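Asks: no FASTA, just this:
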């Protein structure tokens, strides 16, 4: 646990290593297993989650962090300084070895298959962070003010985001009340619109330079009137984005039940396509 200033030194720099011989061995093994079934490509392997508040909350405790925001803000800043530096060291290490995963087609559950970073049918631009995506988030700040995000998240995520070609930001937290702050993150491309965000406010605030990464509430799959609820949920987000000329994607995730009816997944997809293609 990180309880006092003496514990800050426990946070060590991230160090990346690469065993080239093992890479060749694993590639040959995979090619043998999938021969005649699927093509095999060697990924450079490393990617980064720069949502370091998730890590800090695990080592410090969520409730403790909330109290620290009030009672020990300087301690939190010191922790964030160290963990940010540790992450930056890891990014530098991966870049020096050229082992960043520049051919990944997804980032934080979202497809990122575009010619900008994956030209020539998925060929990467080079295995360094500047040619790749990373994602950030600070989910515990959904229960704090936007000012907390501005002071305790923006300065640090800014330093880390500058190292990448593109950033996906957000997860389950509410962000529609602080988009003016989030949009200052360098290289930002996509912003999560979770069920906790006001969809209309989000679409009004986001502008045309970013993509709304909309996440319908998975609770709809446990509804007795599933299709009606699913359609209303999808239409609310779609109509809000269309009214504001905003870019939009839907991501269905975090499901825990479909009430033993897997066909609900197919039906949700059909309804979504009906709405976006009309």
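Replies: That came through, no problem. Here the structure is a predicted model, which is why all the values come from computation and not from measurement. Residues are numbered from 1 along each chain as shown.
Asks: Ends of stretch 165-185, what's the gap?
Replies: Using C-alpha to C-alpha, to the nearest Å, the end-to-end distance of stretch 165-185 comes to 12 Å.
Asks: Least confident secondary structure element in the protein?
Replies: helix 119-122 (a mean of 90; mean pLDDT, DSSP states H and E).
Asks: Residues in contact with that one: which ones?
Replies: 103, 105, 113, 125 (C-beta atoms under 8 Å, 6 or more residues apart in numbering). To be clear about C-beta, it is placed using only N, CA and C from the backbone, and glycine gets the same treatment.
Asks: gap between the third one and residue 124?
Replies: Translated: residue 113. 12 Å (C-beta to C-beta, to the nearest Å).
Asks: what does the second one give?
Replies: Distance of residue 105 to residue 124, computed by C-beta to C-beta: 10 Å.
Asks: hey, what's in contact with both of these two?
Replies: Shared contacts of residue 105 and residue 124, defined by C-beta under 8 Å, 6+ apart, comprise residue 118.
Asks: more neighbours, the two?
Replies: Just comparing residue 105 and residue 124: by other C-beta atoms under 10 Å the higher neighbour count belongs to residue 124, 19 against 12.
Asks: can you pull the pLDDT of that one?
Replies: Looking at residue 124, its pLDDT stands at 92.
Asks: residues in contact with it?
Replies: By C-beta under 8 Å, 6+ apart, the contact set of residue 124 is 44, 102, 103, 117, 118, 131, 132.
Asks: Please apply the same query to residue 56.
Replies: Contacts of residue 56 by C-beta under 8 Å, 6+ apart are 2, 65, 79, 80, 83.
Asks: Please report how far the closest residue to residue 247 other than its chain neighbours lies from residue 185.
Replies: Spatial nearest neighbour of residue 247, chain neighbours left out: residue 211 (4.3 Å); criterion: C-beta to C-beta, 6 or more residues apart in numbering. Counting by C-beta to C-beta, the separation of residue 211 from residue 185 is 14 Å.
Asks: Could you do residue 178 as well?
Replies: In terms of C-beta to C-beta, residue 178 sits 11 Å off from residue 185.
Asks: can you tell me which helix in the protein is longest?
Replies: Assignment by DSSP state H gives helix 73-97 as the longest helix of the chain.
Asks: Quick check: what element follows that one along the chain?
Replies: Following helix 73-97 in sequence order, the next helix or strand is strand 106-107 (DSSP states H and E).
Asks: Would you map the strands across the stretch 151-278 of the chain?
Replies: Per DSSP state E, counting those that start in this stretch, the stretch 151-278 of the chain carries strands over the ranges 166-169, 188-193, 211-214, 247-250.
Asks: Could you export those as CSV, including distance to residue 273?
Replies: Below are these laid out as CSV (distance: least, C-beta to C-beta, whole Å):
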stretch, distance to residue 273
strand 166-169, 23
strand 188-193, 19
strand 211-214, 15
strand 247-250, 10
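Asks: Mean neighbour count added to the ones you listed, as TSV?
Replies: Output for the strands of the stretch 151-278 of the chain, formatted as TSV (neighbours: other C-beta atoms under 10 Å):
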stretch	mean neighbour count
strand 166-169	24
strand 188-193	24
strand 211-214	23
strand 247-250	17
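Asks: Check the offset of stretch 179-195 from the chain's centre.
Replies: 10 Å (C-alpha atoms, centre = their mean, to the nearest Å).
Asks: again but with stretch 203-220, I slipped
Replies: With C-alpha atoms, centre = their mean as the basis, stretch 203-220 stands 13 Å off its chain's centre.
Asks: and that stretch, what's its mean pLDDT?
Replies: Per-residue scores along stretch 203-220 average to 96.
Asks: Start and end of that stretch, how far apart?
Replies: Stretch 203-220: ends 22 Å apart by C-alpha to C-alpha.
Asks: Let the chain start at 15 from now.
Replies: With the count now opening at 15, the last piece we talked about shows up as stretch 217-234.
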